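Participant: How does the following fold in three dimensions:
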Amino acid sequence: MEKEIKNLIKDALKNLNIEVNDIVLEHPEDLRNGDYSTNVAMAIAKSVKANPKELAQKLVTEILRLNVDKYIEKAEAASAGFVNFYLSRKFFGRSIEEILNKGENFGKNDILSGQKIMIEYTDPNPFKPFHIGHLMTNAIGESIARILEHSGAAVSRANYQGDIGLHVAKAIYGILKNKKLQDKSGSHTLHAMNIGLAYAQGSEACENSENAKKEIDKINKKIYDKSDRKINEIYDWGFKATMEAFEDLYRILGTKFEFYFLESQMAPIGERIVKDNLDKIIDSPRSRRIFEESDGAIIFKAEKYDVKLHTRVFITKESLPTYETKELGLTAEKFKTNPDMNLSIVITGSEQADYMKVVVKAISLIYPEYEKKMLHITHGMMKLAGGKMSSRKGNVITGESLIRDTISLIEEKTRGRDWNETEKNRIAEMVGVAAIKYSILRSSLGGDIVYNVEESISTEGDSGPYLQYSCARANSVLEKA
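Facilitator: Next up is the predicted model:
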């Protein structure tokens, strides 16, 4: 409709022998001033030597004469030279009919038709809790994935998870030290909670005891080389339990991943890439190496290529691949998995922005064809009262507990409704997830957000449940009509 009104204004101005290229059309804050308003008469009055209000009145006369389809009920010249447009019942009736006929296809376009896009988001690590940052990444990533699909792209969803590393060793240390946490009876949800508690205990021990730190380092090496049968058994059980618990959360959040990439699989791929490119010279105005050795480690001096970047270690002096190397392997594997992929998007927290810029620069030197096919989108932190939360501490609110607590609050508020138990649980889950997702998505992408539970579940104002309530009321009106 906005495009139609702009064309109507242009045609009306042509009839007044006035040519314009750019027309500003906006929604007035006060609906009494119409559905749309333009300042075009004020903007051009000086150049055509006319009084803005008189020009606005002439413009209105021409617009009403040209308004043959009657989608504009009224146009009027307002003070100072604004022209306000009021849309007709015919327009709104047609709009509702179009929305109902198109259903889920309403608003779709084909601007990305033929494009293949992989989007990586959420990325929780086995053996650690699903923290609140994962909720942010999931909500943003899933939203972007759906927008891209609605624009015609073929979208695949990817999840990259750290199945090896010191966090796993800390969790296994905690399990070994606490027999209660070794209980394998019960559900995978209970197992995952126990493993999260073991991780918190292992992290605390690592920080406060040199002996515990040494023991955790030994466990870490045994995990890498799979040399200890008991540790292998705990690892296999813990990995399965936490991954299954994550799947429960993905179902609640409405996400289904096509690809799962694991650090343990990406590490050797990235390590091979680094070593294959060690001392490789890049032809440029000045010949430069990509990777080079330094004190037994392999590093990438990114500042040689961009003064805003910095040096990062890709393989440590202990010959262990770093996160940077695993990211190299991950990128190569993504494009190998989807060889005709047009774009690879990664969603992470903003604290990873500088680190990812260095990785992307290294990738662009090794695989220049990928440089324009990568997009890194970052977001801020999600906070509750009490500040930043960390999964290394046992007394924190995890992403999972926030979801379940919010759903429980909805159940409390709907107590007494004449619903069966299944319906009550389904509605509470839908409304609880909407409360969290909307609290995240209503904010600008780069900033931190403070999650207020009571505001998020309110059925009045700027909230997910209010939108659902409005939708339910609208559907009720349509059904009765």
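
Participant: what sits up against stretch 77-87?
Facilitator: 1, 5, 9, 28, 33-42, 45, 52-53, 55-57, 59-60, 63, 71-76 (Cβ atoms under 8 Å, 6 or more residues apart in numbering). The C-beta positions use only the backbone N, C-alpha and C, and glycine is treated the same way.

Participant: Might you specify the subset of the residues you listed located within strands?
Facilitator: Filtering the contacts of stretch 77-87 for membership in strands, criterion DSSP state E, returns 36, 37, 38, 72, 73, 74, 75, 76.

Participant: Looking at those residues, which is nearest residue 261?
Facilitator: Checking the ones in strands among the contacts of stretch 77-87 against residue 261 with Cβ to Cβ, the nearest one is residue 36 at 47.4 Å.

Participant: Does that closest one have any beta-bridge partners, and if so which?
Facilitator: residue 85 (DSSP bridges).

Participant: who touches it in this structure?
Facilitator: Applying Cβ under 8 Å, 6+ apart, the residues near residue 36 are 1, 2, 5, 25, 26, 27, 28, 84, 85, 87.

Participant: Quick one: residues contacting the first one.
Facilitator: The one in question is residue 1. By Cβ under 8 Å, 6+ apart, the contact set of residue 1 is 36, 71, 87, 91.

Participant: shaky segments in the stretch 151-300 of the chain?
Facilitator: 283-287 (pLDDT under 70).

Participant: Then the stretch 1-150 of the chain?
Facilitator: Using pLDDT under 70, nothing in the stretch 1-150 of the chain is flagged.

Participant: which residues in it form helices?
Facilitator: Applying DSSP state H, counting those that start in this stretch to the stretch 1-150 of the chain gives helices spanning 2-15, 40-44, 52-66, 89-102, 132-150.

Participant: re the thing from before, quick one: which of the contacts of residue 36 is nearest residue 175?
Facilitator: residue 27 (57.6 Å).

Participant: ok, the closest residue to the closest one other than its chain neighbours to residue 86 distance?
Facilitator: Excluding its sequence neighbours, the residue lying closest to residue 27 (Cβ to Cβ, 6 or more residues apart in numbering) is residue 36, at 6.4 Å. According to Cβ to Cβ, to the nearest Å, residue 36 stands 9 Å off from residue 86.

Participant: Which element is encountered next along the chain beyond the one helix or strand residue 427 maps to?
Facilitator: Assessed by DSSP states H and E, residue 427 sits inside helix 421-441. Later in the chain than helix 421-441, the nearest helix or strand by DSSP H and E is strand 449-450.

Participant: Would you state the strands of the stretch 151-300 of the chain in chain order?
Facilitator: Counting by DSSP state E, counting those that start in this stretch, one finds strands in the stretch 151-300 of the chain at the ranges 154-161, 259-262, 281-282, 288-289, 291-294, 297-301.

Participant: got JSON lines for the ones you listed, with mean neighbour count and distance to residue 210 too?
Facilitator: Listed next are the strands of the stretch 151-300 of the chain as JSON lines, based on neighbours: other Cβ atoms under 10 Å; distance: least, Cβ to Cβ, whole Å:
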{"stretch": "strand 154-161", "mean neighbour count": "20", "distance to residue 210": "30"}
{"stretch": "strand 259-262", "mean neighbour count": "16", "distance to residue 210": "31"}
{"stretch": "strand 281-282", "mean neighbour count": "12", "distance to residue 210": "44"}
{"stretch": "strand 288-289", "mean neighbour count": "16", "distance to residue 210": "38"}
{"stretch": "strand 291-294", "mean neighbour count": "16", "distance to residue 210": "28"}
{"stretch": "strand 297-301", "mean neighbour count": "20", "distance to residue 210": "24"}
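
Participant: Out of the ones you listed, which is closest to residue 416?
Facilitator: Using Cβ to Cβ, the strands of the stretch 151-300 of the chain put strand 154-161 closest to residue 416, at 39.0 Å.

Participant: List the pairing partners of that closest one within its sheet, with orientation.
Facilitator: strand 116-120 (parallel), strand 259-262 (parallel).

Participant: Report the angle between it and helix 132-150.
Facilitator: Computed by axes from the mean of the first three to the mean of the last three Cα atoms, to 10 degrees, the angle separating strand 154-161 from helix 132-150 equals 160 degrees.

Participant: Now do strand 154-161: everything it contacts.
Facilitator: 115-126, 141-142, 145, 148-149, 243, 255-263, 266, 330, 334, 338.

Participant: Mind checking which of these are buried?
Facilitator: Neighbour counting by 16 or more other Cβ atoms under 10 Å classes 116-126, 141-142, 145, 148, 243, 255, 257, 261-263, 266, 330, 334, 338 among the contacts of strand 154-161 as buried.

Participant: out of the strands paired with strand 154-161, nearest to residue 219?
Facilitator: Closest to residue 219 of the strands paired with strand 154-161 is strand 259-262 (Cβ to Cβ; 18.9 Å).

Participant: Return the residues in contact with the residue nearest the centre of the chain.
Facilitator: Centroid-nearest residue in the chain: residue 140, 2.1 Å away (criterion: Cα atoms, centre = their mean). By Cβ under 8 Å, 6+ apart, the contact list for residue 140 reads 121, 347, 377, 379, 440, 441, 445.

Participant: quick one: which of those has the most company?
Facilitator: When neighbours are taken as other Cβ atoms under 10 Å, the top entry among these is residue 121 (27 neighbours).

Participant: Need the single longest helix in this structure, by residues.
Facilitator: Ordering each helix of the chain by length in residues (DSSP state H) puts helix 229-253 first.

Participant: Helix 132-150 and that one, what's the angle between them?
Facilitator: Going by the same axes, to 10 degrees, helix 229-253 makes 50 degrees with helix 132-150.

Participant: List of residues touching helix 229-253?
Facilitator: 122, 124, 126-128, 130, 135, 138-139, 142, 161, 163, 168, 171-172, 175-176, 182, 184, 188-189, 191-192, 195, 219, 222-223, 226, 256-257, 399-400, 403, 429, 433, 437.
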